[in-house]
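In: just the structure for this:
(one chain, ligands or ions: 1)
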Amino acid sequence: MNILFIGPPGSGKGTQSKRLQDRFGLVHLSTGDMFREAIARQTPVGMKAKGFMDRGEYVPDSVVIDLIRDRLSAPDCKRGFILDGFPRTEPQAEALDGLLSGMGLKLDAIFQFDIAKQVLVERLSSRRVCRTCNQTVSLDQVKQAIEKCQNSTPNTCDFYQRSDDAPEVVGRRIEVYETQTAPIVGFYSRKPGFLKVDADQNQDTVYGILERALGPV
Ligand code: ADP
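Out: Residues are numbered from 1 along each chain as shown. This next block holds a predicted model:
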């Protein structure tokens with residue numbers, strides 16, 4: 001089963017990806033995570049991406065497409081995957097179509113995460129990420145998440161604020177989404193398996209909607 005998530009930053013794509021990945025045994029393909037990892041390892045791709053990410057801009061299409069082409073050809077993707085954060089532009093959507101048909105694959109489900117802009121600003125500004133396990137929580141849940149981690153070993157929970165979640169960058173990211181990604185939603189909405197989901201509900205409710213739409217495993 002191959003799934004595509006499309007929606008603005010902060011709409012919950014990453015959170016739901018992690019849950020569905022475990023439930024359905026899928027590979028989570030987050031281009032944002034791939035870039036953050038490349039930056040941490042100081043690879044050439046990471047070096048290219050860093051400036052764009054820090055400003056809340058998109059990384060050039062050619063860099064992202066090369067990255068996803070390599071990743072999709074890895075054997076683990078045969079299990080099925082969740083695309084989270086790709087494609088975000090028209091050329092990326094066209095490239096994905098070409099890649100999938102070249103591999104004899106298709107998207108089985110396409111979920112659009114629909115949510116108001118004001119909610120996003122609030123969510124992104126209070127978002128914290130764990131350096132160790134990559135879980136994402138809001139500021140008011142950090143204490144509880146650390147306590148939960150303390151019961152597990154090794155206890156290495158370490159929450160931080162992503163540099164692009166800084167208030168001065170958040171607005172730019174939403175703007176970039178609206179100008180560059182929102183236009184491709186129409187293209188996907190005409191494809192089979194498309195479902196628009198109200199993402200301004202608690203994460204269990206959203207998860208229930210996705211799980212029901214995907215049907216029995
Ligand atoms: P979010 O969805 O919260 O914005 P991500 O972790 O998916 O966060 O992405 C973080 C950043 O990584 C983006 O703002 C952008 O700079 C870069 N990025 C990720 N995916 C893409 C993509 N498909 N095209 C261009 N840039 C990307």
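
In: list, one by one, the residues from this structure near the ligand.
Out: 9-10, 30-32, 35, 52-53, 56-59, 64, 85-86, 88, 92, 164, 173 (Cβ under 6 Å from any ligand atom). C-beta here means a position set from N, CA and C on the backbone, and glycine is covered the same way.

In: which parts of this structure are helices?
Out: 13-24, 31-40, 44-55, 61-72, 90-103, 117-125, 142-150, 167-176, 182-189, 203-214 (DSSP state H).

In: nearest to G80, of those?
Out: Of all the helices of the chain, helix 13-24 sits nearest to G80, with 6.9 Å by Cβ to Cβ.

In: what average pLDDT does the closest one get?
Out: Throughout helix 13-24, pLDDT has a mean value of 94.

In: please apply the same query to stretch 130-148.
Out: Averaging pLDDT along stretch 130-148 gives 86.

In: where does this structure get nearest to the ligand, which residue?
Out: G32 (1.8 Å; Cβ to the nearest ligand atom).

In: give the contact list for that residue.
Out: Counting by Cβ atoms under 8 Å, 6 or more residues apart in numbering, G32 touches 14, 53, 84-85.

In: mind redoing it with 6 Å?
Out: Going by Cβ atoms under 6 Å, 6 or more residues apart in numbering, G32 touches G85.

In: mind saving the C-alpha coords of the helix or strand bottoming out on mean pLDDT in the chain as PDB?
Out: Least confident element among the helices and strands of the chain, by mean pLDDT, DSSP states H and E: helix 142-150 (a mean of 81). Extracted in PDB, the C-alpha atoms of helix 142-150 (Å, rounded to 0.1, in the frame of the first residue of the first chain):
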ATOM      1  CA  VAL A 142       6.900  18.100  27.000                       C
ATOM      2  CA  LYS A 143       6.900  17.400  30.700                       C
ATOM      3  CA  GLN A 144       4.600  14.400  30.300                       C
ATOM      4  CA  ALA A 145       6.600  13.100  27.400                       C
ATOM      5  CA  ILE A 146       9.800  13.300  29.400                       C
ATOM      6  CA  GLU A 147       8.200  11.500  32.300                       C
ATOM      7  CA  LYS A 148       7.100   8.700  30.000                       C
ATOM      8  CA  CYS A 149      10.600   8.500  28.600                       C
ATOM      9  CA  GLN A 150      12.100   8.200  32.000                       C
END
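
In: from the chain's centre, how far out does it sit?
Out: Centroid displacement of helix 142-150 relative to its chain, using Cα atoms, centre = their mean, to the nearest Å, is 24 Å.

In: run through who's touching it.
Out: 128, 137, 155, 157, 159.

In: swap the cut-off to 10 Å and go again
Out: 126, 128, 130, 132-133, 135-138, 141, 155-159 (Cβ atoms under 10 Å, 6 or more residues apart in numbering).

In: and the residue nearest the centre of this protein?
Out: Computing the C-alpha centroid of the chain and ranking residues by Cα atoms, centre = their mean puts D84 first, at 3.4 Å.

In: quick one, what contacts it?
Out: By Cβ under 10 Å, 6+ apart, the neighbours of D84 are 3-7, 13-18, 20-21, 28-33.
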